[in-house]
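In: sequence unknown, structure follows:
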C-alpha cells in the first residue's frame, strides 16, 4: 500500500489546495488551507522552471490518489497505449481505482481509509473478495461491503456525514444495501482535483 510518511497538512499547504488526505479534518475549519480559517499559513511557492512545474503537477496527482512513482509510471504507460488524449486517459485510470471509487461513493472519509478497508478484506467485487486497492473497475462491476463486516456501522456514519456531497454520475450507489454499480467510465469533468495533465505528459515524454 502506498503510504505518504510526511506531515499531511504540510503537503496541502505546499500545493495550496485541499488534497483530502486527513478525512473529516479536511472538511472542518481546522484544515490548513480552509478559507474559514482566520490565518492560512501557505508555504510561499518558489519560482519554478518548466521542469519544476511538470514535476509539481505529477507529484500533486500522485499524492492525491495515494500511489507511488513506479505504479504511477505504469498507469502512464497504459494510458499511452489507449486511444484518446493520454493525459485524460491517465486521470480516467486513476479515477477507476477501487479505493478511489469507494471514496467517491462517500463510504469512507479518505482514500487512506478506503485502502485499509480493502486490504482487510471488507470489500466484494462481483461477489468475490478483492483486497487490491489498485484494481481498475470495469463497466458493470458491482462493488459491495461484506455483509458480515464490522465496518458497516462506520460506513453508514460516513454516508450520513457526507449526504450533501455529490456522487459522480459514472456510478450508482445503493445506500441501503451498501452497493455500488459502475455505469460507465469516468470523464475528465468528473476529476475533482485541479490539475494540468498535459504537464504530466510532457514530464514523461522527455
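Out: Happy to help now that I have it. This structure is a prediction, so every number in the text was calculated from the model and none was measured. Residues are numbered from 1 along each chain as shown.

In: secondary structure element for residue 160?
Out: helix 152-161 (DSSP states H and E).

In: paired strands for the very next helix or strand once past that helix, with orientation please.
Out: Remark: after helix 152-161, the chain's next helix or strand is strand 171-174, criterion DSSP H and E. Counting by DSSP bridges, the strands paired with strand 171-174 are strand 179-182 (antiparallel).

In: ok, and what's touching the partner strand?
Out: Residues from elsewhere that reach strand 179-182 (CB atoms under 8 Å, 6 or more residues apart in numbering): 101-102, 105, 137-144, 170-174. C-beta coordinates here come from the backbone N, C-alpha and C atoms, glycine included.

In: so for the helix or strand following that strand, mean pLDDT?
Out: Downstream of strand 179-182, the next assigned helix or strand under DSSP H and E is helix 197-204. Averaging pLDDT along helix 197-204 gives 93.

In: helices and strands around helix 197-204, which ones?
Out: helix 50-65, helix 69-81, helix 86-95 (3 or more CB pairs under 8 Å, 6 or more residues apart in numbering; DSSP states H and E).

In: let's see it at 6 Å
Out: Here helix 197-204 touches helix 50-65, helix 86-95, going by 3 or more CB pairs under 6 Å, 6 or more residues apart in numbering; DSSP states H and E.

In: distance from the chain centre to the shortest one, please.
Out: With CA atoms, centre = their mean, to the nearest Å as the basis, the distance from the averaged C-alpha position of helix 86-95 to the chain average is 12 Å.

In: can you list the residues that contact it?
Out: 65, 75-76, 79-80, 82, 185-186, 188, 191, 197-198, 201 (CB atoms under 6 Å, 6 or more residues apart in numbering).

In: so what pairs up with the nearest residue to residue 130 once chain neighbours are set aside in the strands?
Out: In space, and not counting its chain neighbours, residue 130 is closest to residue 123: 5.7 Å by CB to CB, 6 or more residues apart in numbering. Beta-bridge pairing for residue 123 (DSSP bridges): residue 145.

In: look up how far residue 62 lies from residue 123.
Out: Using CB to CB, to the nearest Å, one gets 23 Å for the distance from residue 123 to residue 62.

In: now do residue 69
Out: 7 Å.

In: before we move on, back to that, between residue 123 and residue 62, who's got more neighbours?
Out: With neighbours defined as other CB atoms under 10 Å, residue 123 and residue 62 compare such that residue 123 has more, 28 against 20.

In: how close does the more buried one get to residue 194?
Out: Taking CB to CB, one finds residue 123 at 29 Å from residue 194.

In: any weak-confidence spans in the protein?
Out: Low-confidence segments of the chain (pLDDT under 70): 1-46.

In: what does the domain assignment say about it?
Out: Split into domains by automatic domain parsing, the chain comes to 8-94+192-204, 97-184.

In: neighbours of the residue lying closest to residue 202 once chain neighbours are set aside, just the number please.
Out: Leaving aside its chain neighbours, residue 202 sits nearest to residue 54 (5.6 Å; criterion: CB to CB, 6+ apart). Neighbours of residue 54 under the rule other CB under 10 Å: 21.

In: make sure residue 143 is indeed in a strand.
Out: Yes - residue state for residue 143 (DSSP: H, G, I helix; E, B strand; the rest coil) corresponds to a strand.
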